[in-house]
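J.: Provided below for reference: sequence and predicted model.
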Amino acid sequence: MADRFSSSIQFTRGWVVQEIGTRAPATLFWGDAHIGWNMLCIVCERLTDYHHLRSKLDINTSQIKFFFQRFIEPDKSSYHANRLNFLYELHRARNLSFTDDRDRVFAFLGHYSLQPAHCPNRELASIAANYEMTVEQLYRDVARRALQSQGDSALIALAAVQHTYESLMSRQEARNWTSRRETGTGTSENYKLPSWVPDWRIYRGFILSEPISPHRAHDGSAPDLEISEDIAVLQIHGLEVDSVEVCSRPLADKEFHQIQKHNGLEETVEYLWREVCKKGRFGLDDQYVNGETAFFAFTQTLSNGCVQAARREGRSYLEIDDSVWLEQAALYLVKPLGRSDAVSPELRSIGEKANLNGTHEKWSRLANGASKNRAFGRTRKGYYVLGPAVMEKGDVVCVFFGGKMPFCLRPVGERTYLLVGECYVHGLMKGEAIDKMANGQITESVFEIV
């Protein structure tokens, strides 16, 4: 019953967020039974830490919690502080159903995230409902306004871009399109939005560049960009770091449950380690491009650096020692593979010790959330990448000034690109690319994104 209840269509109706998202008391009726919405959300919150129980019974608590007091300002020091960003709120509502897709924006115009205290960008805050605009015109306008924000909040608009295979040209299609455009024999009419404009009708998973994320690929640099008058082309400054050499298949929901197999033959984590990283036994001997162990880089990439664990526990991410995350990854690994030769004695010892100490395994939940509908890849220089599912070999990995996360771009001509999406790249998350520019190892580039 719990699975049918939590997956009810009522929890996908877009306007429900306004009906029960305020301080007004709300009661949920289910047949002859009823429960106050406050109590329901308390129960869902208690279930949060029972990840495997919820997964086994297919209980979806996140959608229920999403509606609760969505229009009430949260504590700025809590992990709900993401809600103070308007673009983040539009993203979180992507999986809701609206009769009119313009209401994906208009339904949130009364949200506190647009108030002056939280939105110094007056262009963004001045959006008004205008049903004379088409869906595409509205989404372009929102992106244009959002990119005028100051600081790293501006590029959340780019981080919110989530493509499907239908909304983004493949490299082969891009080459054909470029050739037709140069000869004047074709256009891009099949793609009504520029690749850098978020389509709020598409939902592939949570964004890695959350407003409160501690990642700082930009190292404090400010966005440097310009948008064409017709809102078709985005010129943005940044650094080209590398290109993707190999990609995994798209990773599915619950990919890192212990029972999940790749092609029924091996654990998914084995497939990625062997086929993408080109490694053998799991251990701590292989070195990564930044001098850390390849295994640590591998598991951090798949879990978005484990940032959500620190956030949920109310701890400062930057103050947590890397050994904590290594222990979590080892603990996950020893459960399905600990007794096999696939795991080195040293790594097995770390996991078994954590198990004996009663450490609760959290890595699988973090990896499941971060990697859903994404692909794992390796660049030519050896960086590990967690990027969009549509990421392909040959896509360029870059760091935009002002961007918390690196991004993947797809070349479609001389210095012209499509935006594939944001990505986690281990070894670039703490401003390392900016340091390389300061040392003369990388030079600044201007990317023209269409």
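T.: Sure thing, it's come through.
J.: The longest helix along the chain - what's its average pLDDT?
T.: Using DSSP state H, we find that the single longest helix of the chain is helix 322-337. What helix 322-337 shows for mean pLDDT is 91.
J.: Could you pull up phi and psi at E267?
T.: phi -60, psi 150 (degrees, to the nearest 10).
J.: Could I get the full set of strands for the chain?
T.: Assigned by DSSP state E, the strands in the chain fall at 27-30, 33-36, 225-227, 234-247, 261-262, 266-267, 374-379, 384-388, 396-400, 407-413, 416-422, 424-425, 444-449.
J.: which other helices and strands contact the first one?
T.: So the one you mean is strand 27-30. strand 33-36, helix 37-47 (3 or more CB pairs under 8 Å, 6 or more residues apart in numbering; DSSP states H and E). In this view, the C-beta of every residue, glycine as well, is placed from N, C-alpha and C.
J.: Return the distance of the first one from the chain's centre.
T.: So the one you mean is strand 33-36. Distance, stretch centre to chain centre, for strand 33-36: 35 Å (CA atoms, centre = their mean, to the nearest Å).
J.: now swap in stretch 385-402 and tell me
T.: On CA atoms, centre = their mean, the centre of stretch 385-402 falls 12 Å from that of its chain.
J.: do stretch 293-306 as well
T.: 15 Å.
J.: Return the member of the strands of the chain having the minimum mean pLDDT.
T.: Set side by side, the strands of the chain give their lowest mean pLDDT on strand 261-262, at a mean of 54.
J.: Quick one: end-to-end distance for stretch 390-397.
T.: 14 Å (CA to CA, to the nearest Å).
J.: Give me the contact list for it.
T.: 163-165, 168, 170-171, 240-247, 375, 377, 379, 383, 385, 387, 406-411, 417, 420-421, 423, 425, 428 (CB atoms under 8 Å, 6 or more residues apart in numbering).
J.: any chance of the strands of the chain in CSV, plus distance to Q328?
T.: Below are these laid out as CSV (distance: least, CB to CB, whole Å):
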stretch, distance to Q328
strand 27-30, 36
strand 33-36, 35
strand 225-227, 37
strand 234-247, 25
strand 261-262, 22
strand 266-267, 16
strand 374-379, 18
strand 384-388, 17
strand 396-400, 26
strand 407-413, 27
strand 416-422, 23
strand 424-425, 16
strand 444-449, 36
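J.: Could I get these in a markdown table, plus columns for mean neighbour count and distance to G280?
T.: Shown next, in a markdown table, are the strands of the chain (neighbours: other CB atoms under 10 Å; distance: least, CB to CB, whole Å):
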| stretch | mean neighbour count | distance to G280 |
| --- | --- | --- |
| strand 27-30 | 12 | 53 |
| strand 33-36 | 10 | 53 |
| strand 225-227 | 17 | 44 |
| strand 234-247 | 20 | 16 |
| strand 261-262 | 15 | 17 |
| strand 266-267 | 18 | 13 |
| strand 374-379 | 24 | 15 |
| strand 384-388 | 26 | 16 |
| strand 396-400 | 26 | 26 |
| strand 407-413 | 23 | 28 |
| strand 416-422 | 24 | 30 |
| strand 424-425 | 27 | 23 |
| strand 444-449 | 17 | 37 |
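J.: Figure out which of those is closest to N357.
T.: Closest approach to N357 among the strands of the chain is made by strand 266-267 (23.9 Å; CB to CB).
J.: So in that sheet, which strands flank that closest one, and in what orientation?
T.: Sheet pairing of strand 266-267 (DSSP bridges) gives strand 261-262 (antiparallel).
J.: which parts of the longest helix of the chain are buried?
T.: If you call a residue buried by 16 or more other CB atoms under 10 Å, then helix 322-337 has these buried ones: W325, L326, E327, Q328, A329, A330, L331, Y332, L333, V334, P336, L337.
J.: again with stretch 30-49
T.: Applying 16+ other CB under 10 Å to stretch 30-49 flags W37, L40, C41, C44, L47 as buried.
J.: got it, and stretch 69-76?
T.: For stretch 69-76, by 16+ other CB under 10 Å, it's Q69, R70, F71, E73.
J.: Tell me which of the helices and strands packed on strand 27-30 lies nearest to N355.
T.: helix 37-47 (23.5 Å).
J.: Give me the helices and strands touching the closest one, please.
T.: strand 27-30, helix 62-67.
J.: Including distance to A438, could those go into CSV?
T.: CSV is the format used below for the helices and strands packed on helix 37-47 (distance: least, CB to CB, whole Å):
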stretch, distance to A438
strand 27-30, 56
helix 62-67, 41
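J.: For S209, which of these is the nearest?
T.: Nearest of these (CB to CB): helix 62-67, 19.1 Å.
J.: hmm, who's touching the closest one?
T.: Residues contacting helix 62-67 (CB under 8 Å, 6+ apart): 6, 11-12, 16-17, 20-21, 37, 40-41, 44-45, 92, 95.
J.: and it, C-alpha only, in CSV?
T.: The C-alpha trace of helix 62-67 is given here as CSV (Å, rounded to 0.1, in the frame of the first residue of the first chain):
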residue,chain,number,x,y,z
SER,A,62,10.9,12.7,-1.8
GLN,A,63,7.9,13.8,-3.8
ILE,A,64,5.7,14.0,-0.7
LYS,A,65,8.3,16.0,1.1
PHE,A,66,8.7,18.3,-1.9
PHE,A,67,5.2,19.7,-1.5
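J.: circling back to that earlier point, so what touches the longest helix of the chain?
T.: Helix 322-337 is contacted by residues 256, 258, 267, 269-270, 282, 292, 295-296, 299-300, 303, 305-306, 309, 343, 347-348, 350-352, 354-355, 359, 361-364, 366-367 when judged by CB under 8 Å, 6+ apart.
J.: Kindly recompute the last result at 6 Å.
T.: If you take CB atoms under 6 Å, 6 or more residues apart in numbering as the criterion, helix 322-337 is touched by 258, 267, 296, 299, 306, 343, 347-348, 350-352, 354, 359, 361-364.
J.: what's the spacing between that helix and its chain's center?
T.: 23 Å.
J.: Over to stretch 339-352?
T.: Remark: stretch 339-352 is offset 31 Å from the chain centroid, using CA atoms, centre = their mean.
J.: Show me which parts of it are buried, residue by residue.
T.: A342, V343, L347, R348, I350, G351.
J.: quick check, nearest of those to Q235?
T.: Among the buried residues of stretch 339-352, and counting by CB to CB, the member closest to Q235 is L347, at 46.1 Å.
J.: what separates that closest one from A330, distance-wise?
T.: Computed as CB to CB, to the nearest Å, the L347 to A330 distance reads 5 Å.
J.: likewise S77?
T.: 32 Å.
J.: thinking again about what came up before, which of the strands of the chain sits closest to R216?
T.: Between those, strand 396-400 lies closest to R216; by CB to CB that is 10.5 Å.
J.: ok, the residue nearest to T48 when sequence neighbours are not counted to E448 distance?
T.: Nearest non-adjacent residue to T48, counting by CB to CB, 6 or more residues apart in numbering: T61, 6.8 Å away. For T61, the distance to E448 equals 43 Å [CB to CB].
J.: do the same with F108
T.: 31 Å.
J.: now swap in G394 and tell me
T.: From G394 over to E448 (counting by CB to CB), the distance is 18 Å.
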